[in-house]
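1. coords please:
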Amino acid sequence: MTSSSSLTASPASILHEVFGYARFRGPQEAIVEHVSGGGDALVLMPTGGGKSLCYQIPAIVRECRGHGLTVVVSPLIALMHDQVGALHEAGVKAAFLNSTLDWNETQEVERRMLRGDITLLYAAPERVTTPRFISQLDSLMERGKLSLFAIDEAHCVSQWGHDFRPEYRALTVLHERYAGVPRIALTATADALTRADIVERLQLEEAKQFVSSFDRPNIRYTIVEKKEPTTQLLRFIEREHAGDAGVVYCQSRKRVEEVALTLADAGVNALPYHAGLDAAVRQKHQDRFLREEGIVMVATIAFGMGIDKPDVRFVAHLDMPKNIEGYYQETGRAGRDGAPADAWMTYGLQDVVNQRRMIDESPAGEDFKQVMRGKLDALLSLAEASDCRRVRLLGYFGERYAPPAPPAPPVSIEAAEAAGTPGQALSESGSIFRFSCGNCDNCLFPPQVWDGTDAARKLLSTIYRVHQQGSFGFGAGHIMDILRGKTTEKVTQFGHQALSTFGLGAEFSETQLRGVLRQLIAIGALEVDAQAYNTLRLTEGSRAVLRGEQTVMLRQSVSTPSERKPKRERSSRTALPAAAVSLDGAAQARFAALKAWRAEVAREHNLPAYVIFHDATLAAISERAPSTLADLQGISGIGSKKLEAYGEAVLGVCRSL
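-> Model prediction:
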């Protein structure tokens, strides 16, 4: 392994010599320089943006300067294993302490830590705050060998975040006990409320904040109305992503099992993953997903954090998440390599009902529930939107989307916003056009919008009259039957055909009315009584709609976008990855041979193939057709240790063709 003392202690040299990259991306350089110099930082950077380098390079820099150990706090065993493996491949002294180690292995890591033989140590928050670990940190601190604390997945400290973990709250001890040691907290997802909570809980008031763009332009966002979700999913995979790696999220363990079985029966290489499976089975499935190609993991949200697989081509949600943060975090696991990827979701009225019920039935205080309802409403607004989804998604995180050049000279964005048209601008003629990202379903296939106010008033009036009659306990289906004039057995049984609203909404389809109900629940004009079999009840917010003081605009129900849009140019099961598509015939042959060699090395090292070399690195090697070690220098992803370890083998593969 490369000795850190042999390195030039500058971030740029370490980036090149250790990790094999010529230049930093985005705000990485500013973050690395700040933290290397001993500054505290809060970093918000999207999945795939290169967060790890923001603490790994400062750790190496500071050790070269004599500061000692960096402790990386992470709740993710999978991430610990893969990142430590990747650091070893790059020649960096790294280790982890977690439940996969036995007592003797744990003691050996602790001995190495105390004698200064580790640059980066990964550990879970509950271990970091134990008396044993604290005493070891005290020993290092006394000798001036405690360099940096990196707190990954920092949103876990906030009750407003999408993955709150109480054990993160105890990390305040790091600031209180080791005030002179710099800290960097990192997360991919946090709205303004969560960000403020992170700062307060981790006592990072003096930390410099680095907020990257949340935009992932390579991800196409598609949200469709739920009809037959498993069939819709299967059609989407077969049409868009046959043979690709992907993740499918479901809300329940039972649903995970059912969907995985259905996909497998249809020929998709699908595996289930949820907390109810045996730990050995979960690990086996996760390893297969990371190490094999074309695996589709069907999972609850128990799967995904810390998964660095770069070539996930799609993330699908069969059930609506709790909030936009969770949605963004999960969809961000697609397309980490920068190649085209899809974020696809189905949603329906029952999703809204279920999420509302979970909030209402939670033991949390009313203030917390109100915040959670607001977050759910924001997600529903994204789902129901008829304008650019990217504009809305970025706007939620406080970021203004920079659209392509409009078709006509616009008035300033400020003027458009002042006119009450966020996401739009005014042309000189006064007509309105929409910002278009060109890579979401609404921009590619703009939906029609209709005024659902009349339907909303009729629905609310029907519920009012049913209750006025003394009848309670009716759900959405029965209310819609009354309004549409359907003489079902239940309608006749309760005499609801005599209501003045019976048949008044015959012109509306069930699909349209379900859309109206979703909107009414979203804006608080209607609520679902979970204690009474999901029956519908009026609220104080119903009055404004009934009086005509509030309009209800909805997107017209259309066919599933994946059924209407042309297929993307994509590889087949046997074709090369996106990184190699532009190569000529001879270079593609080299790429295929290098890929086979990489797979064998990865198996020997018990690591995912991308830890050895990314596809982009193999493609660059294939294009250059190197004949000497000097020819390999400067290729992105080949640092000095990897050149030493694999250079001759790579040349051998290239020469054999």
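2. looking at it, His88 is touching Asp82, isn't it?
-> No: between His88 and Asp82 there is no contact, the gap being 10.8 Å when judged by Cβ atoms under 8 Å. (Glycine included, C-beta is placed from N, CA and C.)
3. how about the strands in the stretch 151-300 of the chain?
-> Using DSSP state E, counting those that start in this stretch, the strands of the stretch 151-300 of the chain run over residues 183-187, 208-211, 219-225, 245-249, 270-273, 296-299.
4. Dump those to JSON lines, plus mean pLDDT, mean neighbour count and distance to Trp597.
-> Shown next, in JSON lines, are the strands of the stretch 151-300 of the chain (pLDDT from 0 to 100; neighbours: other Cβ atoms under 10 Å; distance: least, Cβ to Cβ, whole Å):
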{"stretch": "strand 183-187", "mean pLDDT": "96", "mean neighbour count": "27", "distance to Trp597": "34"}
{"stretch": "strand 208-211", "mean pLDDT": "95", "mean neighbour count": "16", "distance to Trp597": "38"}
{"stretch": "strand 219-225", "mean pLDDT": "95", "mean neighbour count": "23", "distance to Trp597": "31"}
{"stretch": "strand 245-249", "mean pLDDT": "96", "mean neighbour count": "26", "distance to Trp597": "21"}
{"stretch": "strand 270-273", "mean pLDDT": "96", "mean neighbour count": "23", "distance to Trp597": "26"}
{"stretch": "strand 296-299", "mean pLDDT": "96", "mean neighbour count": "28", "distance to Trp597": "26"}
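5. So for Thr501, which of those strands sits nearest?
-> strand 219-225 (25.1 Å; Cβ to Cβ).
6. what's the closest one in contact with?
-> 232, 331-332, 334-335, 340-348, 382-383, 389-390, 393, 439-441, 511, 515, 557, 560-562 (Cβ atoms under 8 Å, 6 or more residues apart in numbering).
7. CA atoms only: put it into CSV for me.
-> Output in CSV follows, covering the C-alpha atoms of strand 219-225 (Å, rounded to 0.1, in the frame of the first residue of the first chain):
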residue,chain,number,x,y,z
ILE,A,219,-32.6,11.2,-14.8
ARG,A,220,-36.0,11.3,-16.6
TYR,A,221,-38.9,11.7,-14.1
THR,A,222,-42.1,10.0,-14.9
ILE,A,223,-45.2,9.7,-12.7
VAL,A,224,-48.2,7.7,-13.8
GLU,A,225,-51.7,7.1,-12.4
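8. Please compute how far that strand lies from its chain's middle.
-> Distance of strand 219-225 from the chain centroid (Cα atoms, centre = their mean, to the nearest Å) equals 14 Å.
9. from what I can see Pro608 touches Leu290, true?
-> Yes: counting by Cβ under 8 Å, Leu290 is a contact partner of Pro608 at 4.3 Å.
10. joint contacts of those two?
-> Asp82, Lys309.
11. so which of the strands of the stretch 151-300 of the chain gets nearest Leu101?
-> strand 270-273 (23.1 Å).
12. Neighbouring strands - and their directions - for that closest one?
-> strand 296-299 (parallel) (DSSP bridges).
13. Remind me which helix or strand Thr47 belongs to.
-> According to DSSP states H and E, Thr47 maps onto no helix or strand at all.
14. Just give me the neighbour total for the nearest residue to it once chain neighbours are set aside.
-> Among residues not flanking Thr47 along the chain, Gly332 sits closest, at 3.4 Å (Cβ to Cβ, 6 or more residues apart in numbering). By other Cβ atoms under 10 Å, the residues close to Gly332 number 23.
15. Can you give me the pLDDT of Gly332?
-> Confidence at Gly332, expressed as pLDDT, is 91.
16. That one and Gly326, how far apart?
-> 11 Å (Cβ to Cβ, to the nearest Å).
17. mind checking how far Tyr396 is from Leu379?
-> Counting by Cβ to Cβ, the gap between Tyr396 and Leu379 amounts to 9 Å.
18. by contact count, what packs against the one helix or strand Arg111 maps to?
-> Under the criterion of DSSP H and E, Arg111 resides in helix 103-114. Counting contacts by 3 or more Cβ pairs under 8 Å, 6 or more residues apart in numbering; DSSP states H and E, helix 103-114 packs against strand 94-97, helix 131-142.
19. Compare the ones you listed and report which one is nearest to Ala150.
-> Closest approach to Ala150 among the helices and strands packed on helix 103-114 is made by strand 94-97 (12.1 Å; Cβ to Cβ).
20. what do Gly332 and Gly326 both touch?
-> Thr189.
21. if we can go back for a sec, let's see which of the contacts of strand 219-225 end up in strands.
-> The strands, defined by DSSP state E, take in Ala341, Asp342, Ala343, Trp344, Met345, Thr346, Tyr347 from the contacts of strand 219-225.
22. Those residues into CSV, with extra columns for neighbour count and distance to Glu240?
-> Listed next are the ones in strands among the contacts of strand 219-225 as CSV, based on neighbours: other Cβ atoms under 10 Å; distance: Cβ to Cβ, whole Å:
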residue, neighbour count, distance to Glu240
Ala341, 26, 10
Asp342, 25, 6
Ala343, 25, 12
Trp344, 28, 8
Met345, 25, 14
Thr346, 24, 14
Tyr347, 24, 19
